[in-house]
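Trainee: Coordinates for the following, if possible.
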Amino acid sequence: MYQALYRKYRPAVFSDVIGQSHITRTLQRQVAENRTSHAYLFTGSRGTGKTTCAKILSRAVNCENPRDGNPCGACPACAALEAGTSLDVLELDAASNNGVDQVRALRDEAVYPPANVRKRVYIVDEVHMLSTSAFNALLKILEEPPEHLMFILATTELHKVPATILSRCQRYAFRRIQPRDIAARLRYVAEREQISLTDDGAELLARLAEGAMRDGLSLLDQCAAAGGAVDSQTVLNTLGLAGHLQTAALLEHILKKDVPSALALFGELYDGGRDGATVLRELAALVRDLLLRRMAPEGSVALLSAGYDDGTLDRLERLTTDRRLLYLASTLQTAGAELYDSVNSRLSAELCLLRLCDETLSGDLSAILARIERLEAGSVPVRRPAPPPRDAVPSAPSRDAAPPWDNIPPQDNAPPWDNVPPQDNAPPWNNVPPQNNAPTWDNVPPQNDAPPWDNVPPQDNAPPWDNVPPQGNAPPWNNVPPQNDAPPWDNVPPWDNVPPQDNAPPQDNVPPPRGSSDWNALSERCRARLPAMYRSFLSQCAGTLADGLLTLYAPDSVTLGRLNNERVRAVLLEESGAARVDMREGVPPPVSPRENREALLTFSRRRPDIIQIIGEEPDKLPKEQEL
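Mentor: Numbers count the residues shown, from 1 in each chain. From the prediction side, this is the model:
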């Protein structure tokens with residue numbers, strides 16, 4: 001009966017295990033020196049040799065003639081264990097025997113010594129599948145087992161194993177096997193099985209195995225069944241990975257910013273049964289490979305995913321830059337995470353493709369950088385307005401972006417309009433004599449012998465408007481004498497030139513006094529001394545100054561919180577001359593009529609020139625009248 005390649009070529013000794021020399025050397029030395037432990041825990045991903053090493057170790061500790069820590073394979077114990085007929089070495093699957101009852105039965109049987117070998121060995125695969133009660137039942141016998149008992153536990157999810165189990169075992173971590181080691185093993189097996197395996201086919205199978213030797217041998221077995229030489233194209237066709245070529249073509253359209261081709265190819269993939277999430281996931285894997293090849297050209301071979309040959313990766317790598325690859329990777333990651341919550345997955349995937357093709361659609365810093373790169377590369381022309389025609393009023397450009405009319409070259413070798421000779425011996429338009437002996441418009445005499453408008457005499461012998469005598473014996477407006485002995489308005493000096501009254505200095509040169517109750521002037525002085533972070537908040541506030549207390553009213557709690565600090569208080573105290581500052585949230589109390597009157601009287605005394613011009617003296621204002 002045919003036996004699968006991964007079973008047929010399973011290693012029989014520690015030296016045949018590929019890629020785990022750091023573990024096999026230790027186990028060999030323990031067996032050779034008879035210093036084996038009672039419990040081992042093998043961890044690692046699938047296909048890395050955990051179960052294989054467990055079986056080799058179980059045969060090595062029971063071998064009658066071990067050779068440098070390896071089983072001899074010839075003694076009765078090795079033969080029985082190899083054939084699987086011995087009842088003293090049991091291999092259990094914790095996924096199907098995860099209950100506490102199965103562990104109790106195992107514990108009860110383990111106390112009995114082996115019948116034909118030196119040690120009873122229990123190999124528990126996928127031990128993380130045991131229940132909590134099953135782990136608790138295993139603790140006691142795992143901590144203090146009989147001398148003839150050995151446990152070998154294997155798991156792919158170490159974080160699910162309780163710490164109480166970990167502390168009772170010797171732990172060994174199995175690493176993923178490097179692609180070059182897998183490819184070498186595949187060529188060895190292909191040579192033994194007379195399979196024509198090319199180097200590119202072996203490298204592609206090694207990458208597809210993703211560090212698992214068992215997967216690599218299974219893929220080789222599958223491709224060899226197709227017949228003929230096993231090369232990269234055969235691997236792609238046999239394993240159904242020809243769609244990866246379409247993914248590479250889609251990424252090529254994206255890198256070339258060919259939006260119609262990218263959307264059309266995505267439509268074909270979608271109609272062929274591949275959803276948007278799958279396409280974006282394959283694109284992300286391909287972008288990751290390109291990014292690793294660009295950033296780590298020396299050690300990226302072991303990190304690459306499978307499905308793409310070196311020629312395809314090289315061609316795509318030449319079409320892009322490092323920053324563009326980072327943008328593509330981050331955009332695909334974000335779109336893939338949001339795709340599961342989308343109402344229309346196809347629309348979301350198409351929008352993602354649009355952003356991938358044109359970075360300016362992203363609306364973030366990447367869009368600005370993309371526009372700057374295009375401007376620097378000269379791919380985006382800078383539009384400059386055409387200069388206006390000379391001796392002409394500039395006008396809007398025509399729809400067809402035609403040059404100005406003055407600059408249009410003559411068509412069909414026609415001379416310019418200015419040089420066109422008059423037709424039928426007609427003189428130029430400027431020299432056309434008036435028709436019917438009519439004079440030109442500039443020289444047309446007034447009709448009905450009327451003189452020009454500027455020379456029309458006043459009707460009814462009325463004098464011109466400037467000379468119209470005042471009606472009702474009233475004097476002309478320009479000659480109206482000032483009322484109450486006031487000077488004429490035309491002779492009133494400008495406000496800026498009003499002479500100071502009572503020998504008072506000009507008000508424009510008087511600095512606002514410190515301690516003044518004028519909040520606007522005080523706020524302006526304080527804002528001039530404070531940083532910009534406080535100015536906008538202080539401009540929203542109001543304040544009053546009375547009896548040495550400056551009260552500041554903030555419109556809300558946010559403004560109050562920003563201004564209520566020692567720096568702002570110090571500036572307010574220094575500029576206002578107040579003894580203390582009180583900050584609160586709200587609006588200032590309304591001003592009484594008496595305070596309005598006092599403020600007006602104070603202003604009138606500071607500017608008596610304004611009151612004099614109006615016609616009233618400051619002292620003549622009512623003293624007790626409420627305003």
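
Trainee: Could you report the neighbour count for Ala579?
Mentor: Using other Cβ atoms under 10 Å as the criterion, Ala579 is surrounded by 10 other residues. C-betas here are computed from N, CA, C, even on glycine.

Trainee: now Asp518: how far from Leu552?
Mentor: When distances are taken as Cβ to Cβ, to the nearest Å, Asp518 and Leu552 turn out to be 14 Å apart.

Trainee: actually Lys257, not the one I typed
Mentor: Distance of Lys257 to Leu552, computed by Cβ to Cβ: 58 Å.

Trainee: contacting residues for the nearest residue to His148 once chain neighbours are set aside?
Mentor: The shortest distance from His148 to any residue other than its chain neighbours is 5.0 Å, reached at Pro113 (Cβ to Cβ, 6 or more residues apart in numbering). Contact analysis of Pro113 by Cβ atoms under 8 Å, 6 or more residues apart in numbering lists 120, 146, 148.

Trainee: Same list, these, but as CSV with distance to Asp68 and neighbour count please.
Mentor: Formatted as CSV, the entries for the contacts of Pro113 read as follows, by distance: Cβ to Cβ, whole Å; neighbours: other Cβ atoms under 10 Å:
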residue, distance to Asp68, neighbour count
Arg120, 25, 25
Pro146, 28, 14
His148, 24, 17
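
Trainee: Would you confirm that Gly49 contacts Phe14?
Mentor: No - in this structure, Gly49 sits apart from Phe14 without contact. The criterion is Cβ atoms under 8 Å, and the distance is 9.9 Å.

Trainee: Just the CA trace of stretch 32-45, in PDB.
Mentor: Presented in PDB, the C-alpha positions along stretch 32-45 are these (Å, rounded to 0.1, in the frame of the first residue of the first chain):
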ATOM      1  CA  ALA A  32      23.800   9.000  26.300                       C
ATOM      2  CA  GLU A  33      24.500  10.100  29.900                       C
ATOM      3  CA  ASN A  34      21.300   8.600  31.300                       C
ATOM      4  CA  ARG A  35      20.100  12.000  32.600                       C
ATOM      5  CA  THR A  36      16.700  12.100  31.100                       C
ATOM      6  CA  SER A  37      13.900  14.000  32.900                       C
ATOM      7  CA  HIS A  38      10.500  12.600  33.800                       C
ATOM      8  CA  ALA A  39       8.500  15.200  31.900                       C
ATOM      9  CA  TYR A  40       9.200  17.200  28.700                       C
ATOM     10  CA  LEU A  41       7.100  19.900  26.900                       C
ATOM     11  CA  PHE A  42       7.700  20.400  23.200                       C
ATOM     12  CA  THR A  43       6.300  23.700  21.800                       C
ATOM     13  CA  GLY A  44       6.300  25.100  18.300                       C
ATOM     14  CA  SER A  45       4.300  25.500  15.100                       C
END
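
Trainee: pLDDT of that stretch, averaged?
Mentor: Looking at stretch 32-45 alone, the average pLDDT works out to 92.

Trainee: Pull out the buried residues from it.
Mentor: By neighbour count on 16 or more other Cβ atoms under 10 Å, the buried set for stretch 32-45 is 38-44.

Trainee: Can you give the contact residues for it?
Mentor: Around stretch 32-45, the neighbours that count as contacts under Cβ under 8 Å, 6+ apart are 29-30, 50, 53-54, 57, 61, 66, 68-69, 127, 142, 145, 149-156, 158, 161, 165-166, 168-176, 211-212.
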